[in-house]
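Peer 1: the following comprises the amino acid sequence and a computationally predicted model.
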Amino acid sequence: MTRHVKSDIKKINEKTVDSYADFSGLIKHAARCTLWLPEAKSLRQNKHKPLRYFTLPGKWAYDIFFFEKEGIIQKDMRGFPDVRFCDNNSKSYSDAKRLLGNTIGKKDNFERLVLDDQEEFWDGFPYDIYNLDFCGTCFPDNQPPFSETFQAIEKIISKHTSNNQQPFIIFLTMKALDGETNPQAKEQLIQNIETNRTNANFTRQINALIPDTRTFANQKFVDFILISIPKIICHLSQSHCDVEVRKRAKYLRHNRETGDYYITKFVFKFTRRNRRTLSVRDENYINNVLKIVQLNNAITIDNTSITPEIRQSNTDLVQYAQQLQ
């Protein structure tokens, strides 16, 4: 698979007004409560202290206030000392900065903060949780799978490993829309599955689960992304640490320009490896890939996911954020 291909065009995390439309919505909050909160609480309990947190919070910074209310991160009189954030949209960044006080942030892309070694990111490193809530498609324009976004993620994984700073968690959110996905990237993702098919460790299981990869990618594109993104993260971690796909989910959205589309969300937990680099002959690596392909832990979030508790939690969160405006 091609790696480290740079691009100067629009980045994955460009945000528009429409992209923020559901940040206060119940489906979005159901995802926070169902996918993010249990993992954040578990890590908070494991570390016995408030967590360090990096995020792309959007103009209302709901995720920061949510985790504060749940005791995951801490706030002082001036802001959130252990939180760092960024946004490449001037209005969204200024709105979030106004709400977050002296919390350190920067109007820039996540990729540039990490790859250019900018102080606003690295002075808070290592973070316990990275919330990479991108509003764009997985692979827009001419960005192949190992775009600058995934270069930045790999750099973070490598830095954690070299400094022996595990466990940590990455929340990853991306739109899955076939019509906005770079065909070259899609083809590389197809070939990545096909490469596993030719390996004796995977052939029987993958043949049973995905008889024809191209048909699967064309007819079930969202599920194809639910498999492909974890495979990329697994590949990036291969030389560094162990990774577990703790959660993955999809939920339906709609806007005027594209119509119906799905948001895909992932929770990856990275832990220390006490052995050499994994290979395709390693039992743990084999099991990891098979679990990814099987989609056993994929969740569909819809109106049935909105419990009375989630509804009340969302109301409380929106009201709390509004009080600070």
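Peer 2: Alright, I've got the coordinates.
Peer 1: could you use CA atoms for every contact and neighbour count after this?
Peer 2: OK.
Peer 1: tell me how far L99 lies from T315.
Peer 2: 18 Å (Cα to Cα, to the nearest Å).
Peer 1: ditto for R112
Peer 2: Applying Cα to Cα to R112 and T315 gives a distance of 35 Å.
Peer 1: before we move on, back to that, L99 and T315: who's more crowded?
Peer 2: L99 (19 against 15; other Cα atoms under 10 Å).
Peer 1: centre of the chain versus the helix or strand containing that one, how much separation?
Peer 2: In this assignment (DSSP states H and E), L99 forms part of helix 90-100. With Cα atoms, centre = their mean, to the nearest Å as the basis, helix 90-100 stands 22 Å off its chain's centre.
Peer 1: quick one: the helices in the stretch 201-325 of the chain, in order.
Peer 2: For the stretch 201-325 of the chain, helices defined by DSSP state H, counting those that start in this stretch occupy the ranges 203-209, 213-219, 221-237, 283-294, 308-323.
Peer 1: which stretches of the protein form strands?
Peer 2: Counting by DSSP state E, the chain has these strands, from start to end: 53-55, 83-86, 104-106, 129-137, 168-176, 242-255, 259-271, 298-300.
Peer 1: what packs against the worst-scoring helix or strand of the chain on mean pLDDT?
Peer 2: Sorting the helices and strands of the chain by mean pLDDT, DSSP states H and E puts helix 283-294 at the bottom, at a mean of 80. With contacts taken as 3 or more Cα pairs under 8 Å, 6 or more residues apart in numbering; DSSP states H and E, helix 283-294 sits against helix 203-209, helix 221-237.
Peer 1: most tightly surrounded among those helices?
Peer 2: By mean neighbour count, with neighbours taken as mean count of other Cα atoms under 10 Å, helix 221-237 ranks first of the helices and strands packed on helix 283-294 at a mean of 20.
Peer 1: which residues sit against it?
Peer 2: Residues from elsewhere that reach helix 221-237 (Cα atoms under 8 Å, 6 or more residues apart in numbering): 145, 154, 157, 176-178, 189, 216-217, 243, 245, 248-250, 262, 264, 289, 292-293, 295, 298.
Peer 1: that one: how far from the chain's middle?
Peer 2: Distance, centroid of helix 221-237 to centroid of chain: 11 Å (Cα atoms, centre = their mean).
Peer 1: try stretch 298-308
Peer 2: With Cα atoms, centre = their mean, you get 19 Å for stretch 298-308.
Peer 1: now swap in stretch 181-201 and tell me
Peer 2: Taking Cα atoms, centre = their mean, one finds stretch 181-201 lying 21 Å from the centre of the chain it belongs to.
Peer 1: tell me the buried residues in that stretch?
Peer 2: 181-183, 185-186, 188-190, 192-194, 196-197, 201 (16 or more other Cα atoms under 10 Å).
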